[in-house]
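# Quick one, structure for this:
(one chain, ligands or ions: 1)
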Amino acid sequence: MLRLEGISAGYGNIQALRDVSLEVARGRMVALVGPNGAGKSTLFKVISGVVPARAGRIFYEGQDLLALDPADRAGLGIAHVPEGRQVFRTMTIAENLEMGAYCVRGRAAKKRAVERAYEIFPALAQRQRQQAGTLSGGQQQMLAIGRALASMPRLLLLDEPSLGLSPIMADEMFEHIGRAHTVAGVTVLLVEQRVAESLESCDWGCVLDFGRITLQGPPQTLLRDERIRATYMGIAAVPQDDAA
Ligand code: ATP
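Have a look, this model is predicted:
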């Protein structure tokens, strides 16, 4: 569904992405994990056209994405939820979701799109008339994702949905995202610093470090990888002598 081939991008003399190639198959839920500054958000910005690619190509459903003007990428069924829960704070939950469904054609289809967001996030359904700015951090994140889902996307790009949440809330958020993936049948590319939790909820994982993909594979393989365990999960690698 989405294929990046040799993408490089940056800001002035900062090279944020170097020769990044990755593929997200339709119906998959893929985690792109890595530390601060690895280039994860830049990758999303290149896909949505906010940051230009310096080299490489991106294909989305067979189309050459970089050949399209960023404004023309809006109607392609890609929804990007940026880092930091950007909701319309003075609007209610219902109004936020209706804004998300703005481009969905037909009143009945718009209504169904909003109802689907409530089905995925029941906590939002209970507070439809509450102002978004008064919601908790976790609820605002649900609303940001719900609003993106209300646009009925085929591809959902989620930038650090667990940012600023407690470990328990973060686990819940990954469960909600898993349900969104299943209920909405949407393909998901998820960027995260919480390596273990995000890999556990996805069916493919890529590790981005200093702008390069250093590892990719099924989550079970990555979670057993000693470099990942030592670098991102704080678990010391087993010394060779002891491992025998
Ligand atoms: P985090 O997890 O902390 O959000 P990230 O993996 O998303 O990090 P990016 O935000 O993509 O990383 O940043 C990659 C590199 O590009 C970093 O070195 C960062 O300082 C740099 N960078 C990002 N945005 C800009 C910008 N607007 N101008 C200059 N440099 C930038």
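
# Could you export stretch 116-136 as CSV, CA atoms only?
Extracted in CSV, the C-alpha atoms of stretch 116-136 (Å, rounded to 0.1, in the frame of the first residue of the first chain):
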residue,chain,number,x,y,z
ARG,A,116,-17.6,4.5,14.2
ALA,A,117,-15.2,6.8,16.1
TYR,A,118,-17.5,6.5,19.2
GLU,A,119,-17.6,2.7,18.8
ILE,A,120,-13.8,2.6,18.9
PHE,A,121,-13.5,5.1,21.7
PRO,A,122,-16.6,4.6,24.0
ALA,A,123,-15.1,7.1,26.5
LEU,A,124,-15.7,9.8,23.9
ALA,A,125,-19.3,8.7,23.3
GLN,A,126,-20.1,9.3,27.0
ARG,A,127,-18.9,12.9,26.8
GLN,A,128,-20.1,14.1,23.4
ARG,A,129,-20.9,17.7,24.5
GLN,A,130,-17.8,18.2,26.6
GLN,A,131,-15.3,20.8,25.4
ALA,A,132,-12.2,19.2,24.0
GLY,A,133,-9.8,21.5,26.0
THR,A,134,-11.3,20.1,29.3
LEU,A,135,-10.5,16.5,28.5
SER,A,136,-7.6,14.6,30.1
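
# and the longest helix along the chain, average pLDDT?
Once the chain is assigned using DSSP state H, the helix that runs over the most residues is helix 167-183. For helix 167-183, mean pLDDT rounds to 90.

# Sort out which residues of it are buried, please.
Using 16 or more other Cβ atoms under 10 Å as the test for burial, helix 167-183 gives 170-174, 176-177, 180-181. In short, each C-beta sits where N, CA and C put it, glycine included.
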